[in-house]
Structures are given as structure tokens and as C-alpha cells.
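Q: sequence plus predicted model, see below.
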Amino acid sequence: MEEGDDWIAPDKLYHILFCFFIAIISSFLAERARYPFIRRRSIWVGSIISLAAGAAKEVADEFGFFRSAGASSKDAVADVFGTLLAALVLCLYKSSFIRRRTDQSVQAKALQMV
């Protein structure tokens, strides 16, 4: 199962990118949900969906749905790394977006006072 499964391989990059983009896309979709509970926790929702997709892929590998040597713990680590990377990017994006939005509202209020 784990023979020939190197840490540095194109497969690991695919796992990182797959989970990264699943987390980003599902987080942005969660921000547009009807329910405020989901919108406030969009990064968590995106991360959970991404990890679930990565786990589902590993289960499918183990059962032989894809041509692979089976489930790999190294692939699972790459999935977690991609999800954490996406969560970091989303947190940085949200903090800069919130800061930019509050700066604009402060400037608008200052202009209204003049």
C-alpha cells in the first residue's frame, strides 16, 4: 500500500490543490448561504467539506474505485495540508477585507461630517 509512495510526488501536489480549491470554493458558497450561522462559519464549513472529500477519495482508493495502490496516510496528510493552507488564505483574505471595508466606512463617515 505505502511502497513507492514518496512524500515529494505529483500525486501529493494534486491532493494539496484538490483540497485547497474545494475548501476555497465551498467556503465562498457558504458565505452566500441563507442562514447567518453558516455564513459566520464559512471557513469551518469549507474546511470540513474539503476534509470529507479527501477522506472519501482515500476510502474510494482503498475499495479500488480508482486505479491506485490503495489508501495512503501520506495522501491524507497532503489533504490536511491543503485544507489548512486554504483556511489560512481565507482568514487572511477576510481580515484584510474587513479592515478595508471598515476603513472605507470611516472615510465615508468623515466625509459626511464635513
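A: Cool, got the structure. Numbering: from 1, shown residues only.

Q: helix or strand with the lowest mean pLDDT in this structure?
A: One helix or strand of the chain scores below all others by mean pLDDT, DSSP states H and E: helix 73-113, with a mean of 80.

Q: what comes into contact with the host helix or strand of Ala53?
A: In this structure, Ala53 sits in helix 42-63 according to DSSP states H and E. Defining contact as CB atoms under 8 Å, 6 or more residues apart in numbering, one finds that helix 42-63 is touched by 15, 18-20, 22-28, 30-31, 33, 38, 66, 68-72, 75-76, 79-80, 82-83, 86-87, 90-91, 94. Placement of C-beta: from N, CA and C, glycine included.

Q: now the buried members of those residues.
A: In these, burial by neighbour count holds for 15, 18-20, 22-24, 26-27, 30-31, 68, 71-72, 75-76, 79-80, 82-83, 86-87, 90, counting by 16 or more other CB atoms under 10 Å.

Q: burial of the residue nearest to Trp7 when sequence neighbours are not counted, as a residue count?
A: If you skip the residues right next to it in sequence, Trp7 has Lys74 as its closest partner in space, 6.0 Å away by CB to CB, 6 or more residues apart in numbering. Number of residues near Lys74 (other CB atoms under 10 Å) recorded here: 15.

Q: now swap in Gly64 and tell me
A: A total of 9 residues lie near Gly64 under the criterion other CB under 10 Å.

Q: helix/strand/coil for the spatially most central residue of the chain?
A: Centroid check for the chain by CA atoms, centre = their mean gives Ala23 as the closest residue, at 2.4 Å. The three-state label for Ala23, taken from DSSP: H, G, I helix; E, B strand; the rest coil, comes out as helix.

Q: residues contacting it?
A: Counting by CB under 8 Å, 6+ apart, Ala23 touches 46-47, 49-50, 82-83, 86-87, 90.

Q: distance of it from Arg67?
A: In this structure, Ala23 and Arg67 are 26 Å apart, going by CB to CB, to the nearest Å.

Q: over to Lys74?
A: 18 Å.

Q: repeat for Ile8
A: Here the criterion is CB to CB. By it, Ile8 lies 21 Å from Arg67.
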